[in-house]
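In: take this sequence and fold it.
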Amino acid sequence: MNWGGFEQLLSGVNKHSTAFGRIWLSMVFIFRLLVYLVAAEKVWGDDQKDFDCNTEQPGCPNVCYDLYFPISHIRLWALQLILVTCPSLLVVMHVAYREAKLKKNREKFGESYAQRYPPGKKRGGLWWTYLFSLLFKATVDIVFLYLFYRIYPNYTLPSLVKCSLSPCPNLVDCYIAKPTEKNIFTLFMIVTACVCVLLSLIEAFYLIGKRCNESLEAQSERHGRQDGEVLIHRRDTCSLTPTKQDAAEVGVNKLQTPYMLPINLWK
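Out: Numbering: from 1, shown residues only. Modelled structure (predicted):
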């Protein structure tokens, strides 16, 4: 694995993430990915080999194992981690596209060319890409939490399961290897996934709230500037001499009533 490229990728994601996004990234790569690689993969590595049934009928343990483990935890977690981390790559690709476009424009128009959005800020299409990545990550985790619950009720594994599928001769008892240890790791992965969902939703609401606040501030500043210009205009008019005030009022009336005769304007 190219750890240099991996480190560069993480630094690119952190550069355009909020505090919630950095916490989410730490949760994924420390409490989910490393736990998956170091411990969980070894715990589930011998699940089918140590799935024992009290019969020697050929094929019976295989069909019983497939009944209670249609998808292995470890493979389902691998797919979940891949789908969860893909949106971060999308954000990095969008940033790389923006930087390449800026470099091309500076080569065409010169170094004095200023980019539309400030560097390191989520503006324009990058803001929508980042928001989409947050919602996509939360949706993926929620979907996989539901799948785990449907496949393994209450997210737990029993130590003893009963199976009567063919070619089993009768109702046989089968025993799952290390059920307590697997339940502990399952609970840990479920809790970390819930925390990641919460962080993604909080960051999404934070971005939306921040953007709404910026829009309201810009609108308030615009109205304040317009009111200030009107106030300055009124002060300038009041500071004129009476004769000039009459002339200013006459000019305003002239603009408002262009159909009046000129002789009436000077009276």
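In: which residues in the protein form helices?
Out: 3-15, 19-26, 33-35, 41-43, 60-68, 73-109, 125-151, 179-238, 242-256, 262-265 (DSSP state H).
In: go through these and find the least confident stretch.
Out: Taking the mean pLDDT of each of the helices of the chain, the lowest value is held by helix 262-265, a mean of 42.
In: which non-adjacent residue is nearest Val140?
Out: Using CB to CB, 6 or more residues apart in numbering and skipping residues adjacent in sequence, the residue nearest Val140 is Leu83, 4.7 Å away. Where C-beta positions appear, they are placed from N, C-alpha and C, glycine not excepted.
In: give me the number of residues near the one you found?
Out: For Leu83, the neighbour count with other CB atoms under 10 Å is 16.
In: go on, the one 3 residues further on?
Out: Burial measure for Cys86: 13 neighbouring residues, criterion other CB under 10 Å.
In: could you check how far it is from Ile30?
Out: Remark: distance between Cys86 and Ile30 (CB to CB, to the nearest Å) = 19 Å.
In: cool, Trp24 as well?
Out: Noted for Trp24: a distance of 11 Å to Ile30, by CB to CB.
In: Pro153 too?
Out: Taken as CB to CB, the span from Pro153 to Ile30 is 29 Å.
In: my guess is Phe69 meets Asp47, correct?
Out: Yes: at 6.9 Å, Phe69 and Asp47 qualify as touching, with contact defined as CB atoms under 8 Å.
In: excluding its backbone neighbours, what's nearest Pro87?
Out: With sequence-adjacent residues excluded and distances taken as CB to CB, 6+ apart, Pro87 is closest to Ser133, at 3.3 Å.
In: count of neighbours near that neighbour?
Out: With neighbours defined by other CB under 10 Å, the count for Ser133 comes to 22.
In: could you do the one 5 residues further on as well?
Out: A total of 21 residues lie near Ala138 under the criterion other CB under 10 Å.
In: now do Phe132
Out: As a measure of burial, Phe132 has 14 neighbours, counting by other CB under 10 Å.
In: ok, now Thr156?
Out: Taking other CB under 10 Å as the neighbour definition, Thr156 ends up with a count of 12.
In: go on, the one 3 residues further on?
Out: Using other CB under 10 Å, Ser159 has 11 neighbouring residues.
In: please begin residue numbering at 43 from this point
Out: New numbering, starting at 43: the last item is Ser201.
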